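Q: Pasting the sequence and the predicted model now:
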Amino acid sequence: MEKISNSIGDLLRLAITMSGNHEDPSKELSKIKEGKIYSKYLDENWWDKAARRAIDTSKKREESGEEADVIADIKAPFDIINPIEKEYREHLIYDITGVIFADGELTETEELFWGLVRENIDLTEEEILAQQQIYNEDLKKKVEKLKAKNEFMYAFAYPYWLIVAADGEVDDGEIDALNNESKMLKKYSGPAATMSCEDNFKPELKWDMENDEKEIGLEKYNKRIKASIDMINERLPKKDLKEVIYELNKLILSDNDVHDNESMLFGIICEHIDLTQDEISEVVKKVTDELKAKLGINSAVNEKKKTEQPTKKTESNSGCASVILVLIISSIGFLLI
């Protein structure tokens, strides 16, 4: 068993080395670890062991004056490998295909290696080709899965981007809310995806909210938001949907102002999200209560400052706090309707 493990390890090390990735083989090692060859014949230290054997062989050759012979090194493992079960020889071809064809093209050294593997392994050309086809099909599935994941990331980020950009400005408070207070955004997407989703999520529906065809534009935005929220509804449990509404609502209020566009877009989002009006109102009320409490704390701080500052300045601060409170509460009133 040890001889088989060593021979397979030596061959895979040569595959990675001749593909030019030996300095940082982490991706290749990760792929190999997912396969059946690894689970049966290799362990987590196989790469280091194979590298040490290669160094020892090189030293012995130097001491004896023997020249390096890459072709002989590639051929040698097959004396041990060919007697193993055909199933695992096929799995080995699968793994080597993943290393050699990772970048979609063959260099001269890769072509040499691949030719010698095909020539020396005890499999027919049809059996080798079948493993390449299986690898290509698996790779296609992985690419489609990754594409779907990326699409969802941008779809999830899209409502956040709309709210941030709705008033035509992106201020520090909104950026801070995105980075530090949007847990659902971090969980399912990310602030980086938010700032680039306009160009990555259905760009054919882009629309300038200030153009002359506002009704047509609004219809396009509605379709785009619906596409985004439909994907979100499919994947998120109700608890997380409520958190999304909570975060979007807080994002709207992060600059202490509610723009008409923010109000309109939030309404469209609420229309399509899989929550009842009562559930949405409950979430919005929670945000409102938190904001009132926060303003109450700020007012308490201002009251404390009254005793430390001249009367005229204190009255000015108190009046300012009251005006801000009235403005913000009146601004979010539409959300509770």
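A: Cool, the structure landed.
Q: Once you drop chain neighbours, what's closest to D43?
A: S5 (7.9 Å; Cβ to Cβ, 6 or more residues apart in numbering). The way it works is simple: take the backbone N, C-alpha and C, and place the C-beta from them, glycine included.
Q: Could you count how many residues lie near that neighbour?
A: S5 has 18 neighbours, counted by other Cβ atoms under 10 Å.
Q: now swap in E137 and tell me
A: Here the number of neighbours of E137 (other Cβ under 10 Å) works out to 10.
Q: Over to E34?
A: For E34, the neighbour count with other Cβ under 10 Å is 11.
Q: quick one: pLDDT of it?
A: What the model reports for E34 is a pLDDT of 87.
Q: Same check on T109?
A: With respect to pLDDT, T109 has a value of 88.
Q: Could you name the specific helix or strand carrying it?
A: helix 108-120 (DSSP states H and E).
Q: Could you pull out the buried residues of that helix?
A: E110, F113, W114, L116, V117, N120 (16 or more other Cβ atoms under 10 Å).
Q: Can you give me every residue that contacts the closest residue to the second one other than its chain neighbours?
A: So that's F113. For F113, ignoring the flanking residues on the chain, the nearest one in space by Cβ to Cβ, 6+ apart is M18 at 4.6 Å. By Cβ atoms under 8 Å, 6 or more residues apart in numbering, the residues touching M18 are T109, E110, L112, F113.
Q: What distance do you get for M18 to E110?
A: Between M18 and E110 the distance is 6 Å, computed by Cβ to Cβ, to the nearest Å.
Q: same question, E271
A: E271 is 55 Å from E110, by Cβ to Cβ.
Q: What of D260?
A: Distance of D260 to E110, computed by Cβ to Cβ: 60 Å.
Q: K59 too?
A: According to Cβ to Cβ, K59 and E110 sit 27 Å apart.
Q: circling back to that earlier point, would you point out the most distant pair within the buried residues of helix 108-120?
A: Largest separation among the buried residues of helix 108-120 by Cβ to Cβ: E110 and N120, giving 15.9 Å.
Q: Show the contacting residues for the residue nearest to D43.
A: For S5, the contact set (Cβ under 8 Å, 6+ apart) comprises Y41, L42, D43, W46.
Q: per-residue pLDDT, L116?
A: Taking L116 on its own, its pLDDT is 93.
Q: Widest-spaced pair of the contacts of M18?
A: Taking Cβ to Cβ, no two of the contacts of M18 sit farther apart than E110 and L112, at 7.3 Å.
Q: before we move on, back to that, which strands and helices sit next to the following helix or strand past the helix holding T109?
A: Once the chain leaves helix 108-120, the next helix or strand it forms, by DSSP H and E, is helix 125-165. If contacts are counted by 3 or more Cβ pairs under 8 Å, 6 or more residues apart in numbering; DSSP states H and E, helix 125-165 sits against helix 86-100, helix 183-188, helix 191-200, helix 214-235, helix 238-252, helix 260-272.
Q: so helix 125-165 versus helix 260-272, what angle?
A: Interaxial angle of helix 125-165 relative to helix 260-272 (axes from the mean of the first three to the mean of the last three Cα atoms, to 10 degrees): 130 degrees.
Q: how far does helix 125-165 sit from the chain's center?
A: 11 Å (Cα atoms, centre = their mean, to the nearest Å).
Q: ok, now stretch 23-31?
A: Stretch 23-31 sits 20 Å away from the centroid of its parent chain (Cα atoms, centre = their mean).
Q: All further residue positions should be reported with the first residue as 10.
A: Got it, first residue is 10 now, which makes that one stretch 32-40.
Q: now the stretch 210-346 of the chain, which segments are flagged as low pLDDT?
A: Along the stretch 210-346 of the chain, segments meeting pLDDT under 70 span 210-229, 264-265, 306-346.
Q: let's see it at 90
A: 210-237, 258-277, 296-346 (pLDDT under 90).
Q: how is the protein carved up into domains?
A: 11-132, 159-284, 291-346 (automatic domain parsing).
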